[in-house]
Every structure is written in structure tokens, then in C-alpha cells.
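**Student:** Make a model of this:
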Amino acid sequence: MKRLTLVLPAADRGQSAYAAWRRLVLRLPVPFPLSLLVDARSMRAYSELFLFLFTVKRVQMELHGAWASQMERARPDEQRARLLPVWRLRAHMAFLIDNLQYYLQVDVLDAQWQVLSRAAADAEDFEVLAAAHEAGLAVLSARCFLQAGSVSSALHQIFQLCLSLCRMIEHADAGLRNPIAWEAQAQTIRNEFGRQTAFLLAFLSNVSSPQASPHLGQLLLRLNFNRDCGMLQAGGVAP
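**Tutor:** Residues are numbered from 1 along each chain as shown. This next block holds a predicted model:
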């Protein structure tokens, strides 16, 4: 099988870096006879899944990297006091993204791989295998919220807020020279993060049930562990 490649088209004029990254395309030439199973439509679906999973992992790494960079240096007490609300917000963001990443890896990808593996082992003809592959791909897309436009939009808003906070932390020294603007920017991110997270939790609460959507129930349970996200629903992360 030929090598997998990633293609990042040139960004349009005025396009944000985040929007440019969302244009990343997965390319993998599929030889015959595997191409009968993984056709062009399937590859587009896989590319869309990859891009979403790649974004989640990128945001997760940025959040943990931002914290690691802060732990590498000592700061005066006055600076630490001003940074503490931002550090707390980063911790809430990391909690959300870490649990989302775990859900995607364990409850979605690993679970569906087991289902498809069993179906492939039991399939007696190509049509049965093709139907199992198509069904599995549809489940992956649905459980990654790619078919729920409002949820997908909220998640991407959350991802962008996380990256914005990471940039604030990265340039903290410059930001602290103008503490009023710094704190106003942090408050804006905090409020919007609280709003988008409240929407996400409300969606999960409305659609998850132990019988119909056990995977969503697990995600909601993790996000509400020790009511960590409860105060987000109250209108933002407390400083």
C-alpha cells in the first residue's frame, strides 16, 4: 500500500490559522481490490474523521504544553496572582478536552474497531463485509458529532477558545504589562467557554440514555465527575 500523505491547501487571504488547519486533507491511494471496500466516498469520510481527531489531539497537546511552559519558571507573587485565574481556566479546558479525547479513543474508535473486526471475521461474502464497513463508518461519524451541526460548531468554538488561551499564556509576560486588557481578554474567553460548554452538556444530557446512547452517557458522566463542569453551566469558570 502506498504511503499516507497529508495535504494542507494554501490559506485564503484573511483566513484564520484555525480555519486553514481545518482544510487539511488525508490522502491514501487504495489499491485494488481493497478499493472496492474503501472507495472515494469512504476516503472522504475517513479524511473528515481524521481532521476532527487531529484537531482534538492538537488542542490537547497545546493545553498541556502551555501548563508545562508555566512550570518551567518562577514568578513573583503579584504575577502569580494575576495568572491564577487563567491557569484555572486552562485546567478546566484541559479537563474537558482530556475527557473528550478519552471518549473518542476508547468509547468510539476502539469500540468500533472491535465491532468491525468481529464482523470481518464472521462475514461470508463481500456484500456483508461492505455493509458492516459502511455501517461502522456511519457510527464513527455520528459518535464524533460530525452529523450534529450545532454540536460540531460548539466543539470547534471550544477548540478555538482553548487555543486562544494558550496564546495568552504563551505571551503572558507581554500581556501582564497591560493587566486591564489582559484580564478583560481572559474574561471574554472564560465567559464564552462557559457558554459553549453549557450548551454541550445540555445536548449530552438531552440525548444520552443508558439504553439508546450508552457511549454519550459515559462521556457525560466523565464530564460531570465531581461536578467539575457544573460551575461552567452556571455562567463561566469561577476565577
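
**Student:** Could you pull up the contacting residues of the residue nearest to the spatial centre of the chain?
**Tutor:** By Cα atoms, centre = their mean, the chain has its centre lying nearest to Val56, at 3.2 Å. The contact partners of Val56, by Cβ atoms under 8 Å, 6 or more residues apart in numbering, come to 97, 100-101, 104, 159. C-beta here means a position set from N, CA and C on the backbone, and glycine is covered the same way.

**Student:** May I see the PyMOL selection of the buried members of those?
**Tutor:** Typed into PyMOL, the next command selects the buried ones out of the contacts of Val56 (criterion: 16 or more other Cβ atoms under 10 Å):
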select buried, resi 97+100+104+159
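
**Student:** can you pull out the strands in the chain?
**Tutor:** 5-7, 25-27 (DSSP state E).

**Student:** Can you show me the helices along the chain?
**Tutor:** Along the chain, counting by DSSP state H, helices occupy 17-21, 40-71, 77-102, 111-122, 126-143, 149-170, 172-175, 179-207, 214-223, 230-233.

**Student:** Can you mark which positions in the longest one are buried?
**Tutor:** Neighbour counts over helix 40-71 (16+ other Cβ under 10 Å) mark 42-43, 45-53, 55-56, 59-60, 62-63, 66, 70 as buried.

**Student:** Measure how buried the spatially closest residue to Phe54 that is not a sequence neighbour is and give me the count.
**Tutor:** The shortest distance from Phe54 to any non-neighbouring residue, by Cβ to Cβ, 6 or more residues apart in numbering, is to Leu24 (6.9 Å). Neighbourhood size, Leu24 [other Cβ atoms under 10 Å]: 15.

**Student:** Let's have the contacts of Val56 in a markdown table, adding distance to Phe126 and pLDDT.
**Tutor:** Output for the contacts of Val56, formatted as a markdown table (distance: Cβ to Cβ, whole Å; pLDDT from 0 to 100):
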| residue | distance to Phe126 | pLDDT |
| --- | --- | --- |
| Ile97 | 40 | 95 |
| Leu100 | 36 | 94 |
| Gln101 | 35 | 95 |
| Leu104 | 30 | 94 |
| Phe159 | 39 | 96 |
